[in-house]
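Undergrad: Pasting the sequence and the predicted coordinates here, then a few questions.
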Amino acid sequence: MNKIAKTIAVVSAAAALAGCSSYSEIAKWNSSVTVNDGELPVASFVTQNFSYQLLWCIPICTGVPWTEGAGDDGIVDEYNVRLFTDMATIDGNLDSLNHALDIVGSHRIAQLKTVEDDCKAWSLFLFNRHEVRTQCLILPETPKGK
Amino acid sequence: MTHKTTSHAVVVVAALLAAVVTGCASVEYSSPGKLKNVSVKGAPGAEAGRHVAITTSGYNMFWYIPLVSGDLRWDDENRDIKGGFKLFSDQVGFQELQTALQKIAETRNCNLADVAFIDSDGFYADVSWGGLIGMFFGSSQMGVSAILVPRENSAK
């Protein structure tokens, strides 16, 4: 019985940790469809990072921003987790954005947007799940035809 | 239940409520220089600016009765907007967010770029996630993010 309880506890802890891993993706545009002003984007980018806090202020675990390495096929990075710190911040997401721009080779963007989300239902049960999500379009360094 | 146990229970509940309501409104800035390698279309000078995200949320009972909500207040001492809360009031709205964002930009002598509003459907999510109390409590959350572009840079 003890063994089963320990296994359940370990699996639950692992599931909780996996739930706060960061996720970043560079989605290549791969189309001739243009956006505003006839711009042809290189890719779109999204990064989301989570942290769990006890009583809204005591950090339990967090995802780690994508700031090094190419990720899977150079487009996706996920499952980076650290304990007892909070790295789900705008700064962390902009670090990931800068890293993605270095990988893509263009530093021109449009429609930068950041959403911060605190999960209210969890807070009622002592825990808060904080999410910071940043998105943008990555445009070519020099617009075509200009 | 003894008097001592009741006192402890009251303290715990008060601490929980305090923890929840203090998280109802937040203003977060990126550090200076985080955009220095980025060129933003339609926003010359943005590389010298900062990214800001403002979020407010509130709790309602039976969908419409406000219990507590975030409150974006002007802090004279720090000359900045700071997050607080207001009881029995609903301050979660685009007008409040927009006013706070404009105040932040004007105070820092900045223009704005890539202004994006977010209206979360947390209310409906909470109804399903909150289990037993989800039937009675709901929450709403709205936010806005933007790039603060210093006017002396955007004029170039």
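TA: Structure's in. What do you need? Given the structure is predicted, the values throughout are model-derived calculations rather than measurements.
Undergrad: Please count neighbours and contacts with C-alpha atoms only from this point.
TA: OK.
Undergrad: Show me what from chain A comes close to chain B.
TA: Within chain A, the positions lying close to chain B (CA under 8 Å from any CA of the partner chain) are A:55-57, A:90-91, A:94-95, A:98, A:107-117, A:119-124, A:126.
Undergrad: Can you find the helix or strand in the chain with the smallest mean pLDDT?
TA: All of this is about chain A. helix A:120-123 (a mean of 55; mean pLDDT, DSSP states H and E).
Undergrad: The intended chain is chain B.
TA: helix B:122-129 (a mean of 46).
Undergrad: Report the next helix or strand after the least confident helix or strand of chain A in sequence order.
TA: Once the chain leaves helix A:120-123, the next helix or strand it forms, by DSSP states H and E, is strand A:127-139.
Undergrad: and the residue in chain A positioned nearest to chain B, how many neighbours?
TA: Using CA to the nearest CA, A:Arg108 is the residue of chain A that sits closest to chain B, at 4.5 Å. The tally of other residues near A:Arg108 (other CA atoms under 10 Å in any protein chain shown) stands at 20.
Undergrad: those helices in the chain, which residues are they?
TA: Just going to use chain A. When secondary structure is read from DSSP state H, chain A shows helices at A:2-19, A:90-104, A:120-123.
Undergrad: oops, chain B please
TA: Listed in chain order, the helices of chain B (DSSP H) span residues B:3-21, B:94-107, B:122-129, B:151-154.
Undergrad: Count the neighbours of B:Ala14 for me.
TA: Here the count is done by other CA under 10 Å, and B:Ala14 has 12 residues near it.
Undergrad: how about residue 43, what does it touch?
TA: Since no chain was named, I'll use chain A. A:Ala43 makes contact with A:Ile26, A:Ala27, A:Lys28, A:Trp29, A:Asn30, A:Leu137, A:Ile138, A:Leu139 under the criterion CA atoms under 8 Å, 6 or more residues apart in numbering or on different chains.
Undergrad: could you do chain B instead?
TA: Under the criterion of CA under 8 Å, 6+ apart, the neighbours of B:Ala43 are B:Ala113, B:Val149, B:Ser154.
Undergrad: Can you give me the pLDDT of it?
TA: What the model reports as pLDDT for B:Ala43 is 90.
Undergrad: And the one 10 residues further on, by the same measure?
TA: With respect to pLDDT, B:Ala53 scores 95.
Undergrad: Bridged to the nearest residue to it once chain neighbours are set aside, which residues?
TA: With CA to CA, 6 or more residues apart in numbering or on different chains as the criterion, B:Ala53 has its nearest non-adjacent residue at 4.2 Å, and that residue is B:Ser145. B:Ser145 forms beta bridges with B:Ala53, B:Ala116, as assigned by DSSP bridges.
Undergrad: surely B:Ser145 meets B:Ala116?
TA: Yes. Distance between B:Ser145 and B:Ala116: 5.4 Å, which falls inside the contact criterion (CA atoms under 8 Å).
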